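Colleague: Have a look; sequence and predicted model below, questions after that.
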Amino acid sequence: MKTIIHDLEKFRLDNCFVINSVEHNCIGCFNCWFKHPRKCIYKDMQNINSMLLSSSEIIIISKCLYGCYSYKVKQILERCIGFVEPFFTVRHNELHHKVRTRKPISLSVYFYGDVNENEKIIARKLVKANSKNLNVTIKKICFIAYEKIKEEIF
């Protein structure tokens with residue numbers, strides 16, 4: 001199963017978990033870590049971390065803004081903190097949160113929008129840092145035209 005996190009207006013797919021908006025911002029209560037592991041207190045995305053952990057691939061589709069994700073995608077990713085554990089371990093000679101699964105999960109990120117070369121460098125670094133933190137393998141980082149999103153990805 002794939003999980004798709006995106007900021008597109010009209011985008012649905014069968015046989016995928018599709019997440020494109022959240023009603024609430026993460027408030028940093030850490031209930032998804034300590035009180036109810038992997039479950040958010042808000043009902044809009046209560047089981048997002050379990051969905052991500054059961055996925056074989058996470059696909060992010062976002063407008064690239066100054067080398068970063070759009071605010072909608074960033075809000076969703078902040079709510080995914082329960083994907084990892086609150087405890088620390090050393091991976092890649094760096095301190096990171098422990099992972100909740102050893103199952104391999106790949107990450108593909110598709111950025112769209114008017115992006116210059118400097119923003120592409122920043123975006124690639126961001127995705128690499130995210131992949132280290134989540135302990136997922138980068139499958140693809142692409143910069144594509146908005147009109148080509150569906151045909152490029154699927």
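Modeller: Looks like it arrived, so ask away.

Colleague: I'd like the distance between the residue nearest to the spatial centre of the chain and Ser106.
Modeller: Within the chain, the residue whose C-alpha comes closest to the C-alpha centroid is Leu77; the distance, by CA atoms, centre = their mean, is 5.0 Å. Applying CB to CB, to the nearest Å, the value for Leu77 to Ser106 is 16 Å. Using the backbone N, CA and C atoms, a C-beta is placed for each residue, glycine as well.

Colleague: can you check Asn15 too?
Modeller: Distance, Asn15 to Ser106, by CB to CB: 16 Å.

Colleague: between those two, who's got more neighbours?
Modeller: Ser106 (16 against 6; other CB atoms under 10 Å).

Colleague: right, and the more buried one touches Thr137 too?
Modeller: Yes. At 5.0 Å, Ser106 counts as touching Thr137 under the criterion of CB atoms under 8 Å.

Colleague: Just give the number of residues close to the residue nearest to Arg79 when sequence neighbours are not counted.
Modeller: If you skip the residues right next to it in sequence, Arg79 has Cys26 as its closest partner in space, 5.1 Å away by CB to CB, 6 or more residues apart in numbering. Counted with other CB under 10 Å, the neighbours of Cys26 add up to 19.

Colleague: Cys26 is in contact with Leu77, isn't it?
Modeller: No. Contact criterion CB under 8 Å: Cys26 and Leu77 do not qualify, at 9.2 Å.

Colleague: So what touches the biggest helix by length in the chain?
Modeller: Among all segments of the chain classified by DSSP state H, the helix with the greatest residue count is helix 117-134. When contacts are defined by CB atoms under 8 Å, 6 or more residues apart in numbering, helix 117-134 is touched by residues 64, 66-69, 77, 83-84, 91-92, 94, 96-97, 99, 105, 107, 109, 111, 115, 137-138, 141, 143.
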